[in-house]
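Engineer: Sequence first, then the predicted structure:
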There are 2 protein chains.
Amino acid sequence: MKVDFDKLGGLVPAVIQDHSTGRVLMLGFMNEEAFRLTVETGFATFYSRSRNKLWLKGETSGHRLVVKEISTDCDQDTLLVRVEALGPGVCHEGYQSCFFRTLKDGEWVVSESRVYDPAQVYGSTR
Amino acid sequence: MKVDFDKLGGLVPAVIQDHSTGRVLMLGFMNEEAFRLTVETGFATFYSRSRNKLWLKGETSGHRLVVKEISTDCDQDTLLVRVEALGPGVCHEGYQSCFFRTLKDGEWVVSESRVYDPAQVYGSTR
């Protein structure tokens, strides 16, 4: 179960993909402990670079990511985690996917609608 | 066209996804110049961390990645690039996707067959 955590200071990028639709939902980072917890618990767990701590995705919102399959790439320094996403959206801004902005003529354009109200899920201070 | 290159020392992860099948093919890193070239040329261009230089994907193999759509995430520190992949496979080891190993009972198992012979494409010394 060797993963190369050394290239990026103890972290690897983890691409999160919806296992049924194929949509890429987000990218998070895992350290060795987050990866171990992801495998052992079956819920995607990341290492938050901004908060410097482990982060069980969905711990606040309830929108957990149920692991269906984990792949790694040729260099074993990136993970691809296929999940069932609990809840309407993965993004804390209220969208199904964090990738809700698309490049059009040199500008990032919001290319879809919110699927939930983040203020109701996370509280109005967020 | 603002992208946050600061969080990771001038780089952002770029997830490469097949635009027709939805398969995640690889993850590379782009610096600002690689991102600009990707947008301007329409071919995915990365920054190679091992070689410390720009890297036009397919420059040796001819297996270029034709950009169909570029998205960014809520923090604008990750890119999702939907592509048409020229050639049989993206991975330099001969597979369609770099994510050819899947976790089974705690072990990484090669879960698909090669689609081309890397020795014929890259030369036998690779």
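Structural biologist: Nice, thanks for sending it over.
Engineer: where does chain A come near chain B, residue by residue?
Structural biologist: By Cβ under 8 Å from any Cβ of the partner chain, the residues of chain A that approach chain B are A:1-2, A:7-8, A:13, A:15, A:17, A:21-24, A:26-27, A:39, A:49, A:69-76, A:78, A:80, A:91-93, A:95, A:98-103, A:106-108, A:111. (Each C-beta comes from the backbone N, C-alpha and C, glycine too.)
Engineer: pretty sure residue A:92 contacts residue A:118?
Structural biologist: Yes - here residue A:92 reaches residue A:118: they are 6.0 Å apart, a contact under Cβ atoms under 8 Å.
Engineer: Tell me who's in contact with the residue of chain A found nearest chain B.
Structural biologist: Residue nearest to chain B within chain A (Cβ to the nearest Cβ): residue A:22, separated by 3.1 Å. Residue A:22 makes contact with B:21, B:22, B:23 under the criterion Cβ atoms under 8 Å, 6 or more residues apart in numbering or on different chains.
Engineer: again, only using 10 Å
Structural biologist: A:82, B:17, B:18, B:21, B:22, B:23, B:24 (Cβ atoms under 10 Å, 6 or more residues apart in numbering or on different chains).
Engineer: Now the buried members of these.
Structural biologist: Among the contacts of residue A:22, those that count as buried by neighbour count (16 or more other Cβ atoms under 10 Å in any protein chain shown) are A:82, B:17, B:18, B:23, B:24.
Engineer: quick one: what helix or strand has the nearest residue to the fourth one once chain neighbours are set aside in it?
Structural biologist: In space, residue B:23 comes closest to residue B:97 once its chain neighbours are excluded; the distance is 5.7 Å by Cβ to Cβ, 6 or more residues apart in numbering or on different chains. Counting by DSSP states H and E, residue B:97 is held by no secondary-structure element, helix or strand.
Engineer: about what we covered before: give me the subset of the contacts of residue A:22 lying in helices.
Structural biologist: Among these, no residue falls in helices (DSSP state H).
Engineer: what number of residues lie near residue A:36?
Structural biologist: By other Cβ atoms under 10 Å in any protein chain shown, 14 other residues sit near residue A:36.
Engineer: doesn't it fall inside a helix?
Structural biologist: Yes - Residue A:36: assigned to a helix according to DSSP: H, G, I helix; E, B strand; the rest coil.
Engineer: Look at stretch A:80-97 and report the distance between its end residues.
Structural biologist: Start-to-end span of stretch A:80-97 (Cα to Cα, to the nearest Å) is 16 Å.
Engineer: starting at the chain centroid, how far to it?
Structural biologist: Centroid separation between stretch A:80-97 and its chain, computed with Cα atoms, centre = their mean, to the nearest Å, is 7 Å.
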